[in-house]
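> The sequence and its predicted three-dimensional model are supplied below.
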Amino acid sequence: MRVISGRVFFRGQLEPLSIGIDETGQIAAIKKVLRGDEQIDHGDALILPGCVDLHVHMRDPGLRYKEDFPSGTRSAAIGGVTTVADMPNTVPAAITTAALDAKAAELQGRAAVDYALYAAPQSPEAVPRLAKAVAFKVYMAESTGNLEVTVPRLEEILRAAEAQPKLVVVHAEDPKKFNRQKAKDLRGHDAARPKVAEEAAIATLARIRGGARVHVAHVTCVDALNSVPAGATCEVTPHHLFLDWSKPLGARGKVNPPLRSPTDRDALWGAFRQGRIDAVASDHAPHTIEEKSGLFEEAPAGLPGVATAFPLLMRRIRAGDLDLPRLVSAMAVRPAEILGIAKGTIEVGRDGDLVVVDPRNIEAVTAKRVRYKCGWTPFEGMEACFPRAVYLRGETIVEDGEAISEGQGRLIRAST
């Protein structure tokens, strides 16, 4: 048995504890003192559950020049993420059983962390055929991959998913509320896909959801958050918490839904701190520097973030702007619960997925540090607390802040 010791976040508080992980990779014991075949003592560093990022676009298969599963999951590990859920808008898109199975086969043995796969049913008939996916993703408006569905079709898909039952994650923007004038900068992009489009889409979703399990992706403002129906869950991205259209990012900050105003960002941060938002998800969606360097109106939407979500928020804990339980809930516990996977907490019987971090170790985010294949990060220069070590089922995948392993990740499916 491998024993890992430190200040463990266990049942809502930090305690000096030892975690014993057996040969299957599961936590076998949590005690003040444990003896094992191997003892690893992290002193007064924090040991937290591995983060679960329920919204990533690893671009694999089909778009590997932007990102691929080995590079993207190594970056995830560097950022303390031990499980990712990959979206279906790859090439080919995971909209059929054959495409979903082919994607799973192609990714096998290539991930540094555990992973789950979404599917994107385009009709209610496709829902039962795609039941092997961890959840479904539905787009109410055009974004990367052109998988948007009409409102009547969405309602049919929701009824079919309710019968499964299966979680439906929704990109909620109402295209009828878009301003069709081409945006030439970040403020213009906000105006082109305004807050009212997000509010209207969520209101429509609330009206048609019935008893379906619904999760609203990337809420950008309190106005939209106020429209999320009771019983549904929602997420916020680090870029909507830390960035806004006043930042000098140009096309590198172009994302759907857009970055909002500084005032909106401040209000969203306040709502997150108060616990009104269930989860943080990176919406990691890289494009190359070349793709982001042309005219703003022609640049693709999306930005990378899987390696920086946890470190940026961990820095806010050190600064006193955020409580540790809020972070652990939003980046580990709730994402796992929403997806229905047995991850996200340090408990006997759970996988030994652990993040070791010293909040006193503050460093600047750089493109070199996060190792993205696309070669850039919109958070360049921001202060962050990166993990010292990361364990996947008790095996070291990050040591001294660098990814040291790949291919250990496994495909996981919903357990509830």
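Structure received. Numbers count the residues shown, from 1 in each chain.
> Give me the sheet partners of the lengthiest strand in the chain and which way each runs.
Longest strand in the chain, counting residues (DSSP state E): strand 38-49. Looking at strand 38-49 with DSSP bridges, its partner strands are strand 2-10 (parallel), strand 354-357 (antiparallel).
> how about the first one: buried residues?
The neighbour-count criterion (16 or more other Cβ atoms under 10 Å) identifies Arg2, Val3, Ile4, Ser5, Gly6, Arg7, Val8, Phe9, Phe10 as the buried residues of strand 2-10. Quick note: C-beta positions are derived from backbone N, CA and C, even for glycine.
> What mean pLDDT does stretch 201-217 get?
For stretch 201-217, the mean pLDDT works out to 97.
> Kindly report the same for stretch 258-276.
Rounded mean pLDDT across stretch 258-276 is 98.
> what's the answer for stretch 291-302, then?
Stretch 291-302 shows a mean pLDDT of 96.
> Tell me how far it lies from the chain's centre.
23 Å (Cα atoms, centre = their mean, to the nearest Å).
> Please identify the buried residues of that stretch?
Neighbour count says stretch 291-302 has Glu291, Lys292, Phe296, Ala299, Pro300, Ala301, Gly302 buried, by 16+ other Cβ under 10 Å.
> Contacts only, for the last one.
It refers to Gly302. His57, Thr144, Lys254, Val255, Asn256, Asp283, Ala285, Pro286, His287 (Cβ atoms under 8 Å, 6 or more residues apart in numbering).
> Looking only at stretch 175-187, what residues are buried by neighbour count?
Under 16+ other Cβ under 10 Å, the buried positions of stretch 175-187 are Lys177, Phe178, Ala183, Asp185, Leu186, Arg187.
> give me the number of residues near Thr396?
Using other Cβ atoms under 10 Å, Thr396 has 17 other residues around it.
> hmm, back to that, kindly reformat the buried residues of stretch 175-187 as a markdown table containing pLDDT.
Output for these, formatted as a markdown table (pLDDT from 0 to 100):
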| residue | pLDDT |
| --- | --- |
| Lys177 | 97 |
| Phe178 | 97 |
| Ala183 | 95 |
| Asp185 | 98 |
| Leu186 | 98 |
| Arg187 | 98 |
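> from those residues, which ones fall inside strands?
Among the buried residues of stretch 175-187, no member falls in strands (DSSP E).
> Quick check: the farthest pair among those?
Lys177 and Asp185 (20.1 Å; Cβ to Cβ).
> circling back to that earlier point, the longest strand of the chain: what's the following helix or strand?
strand 51-56 (DSSP states H and E).
> tell me which strands and helices that next one is in contact with?
helix 69-78, strand 81-86, helix 309-318, helix 334-339 (3 or more Cβ pairs under 8 Å, 6 or more residues apart in numbering; DSSP states H and E).
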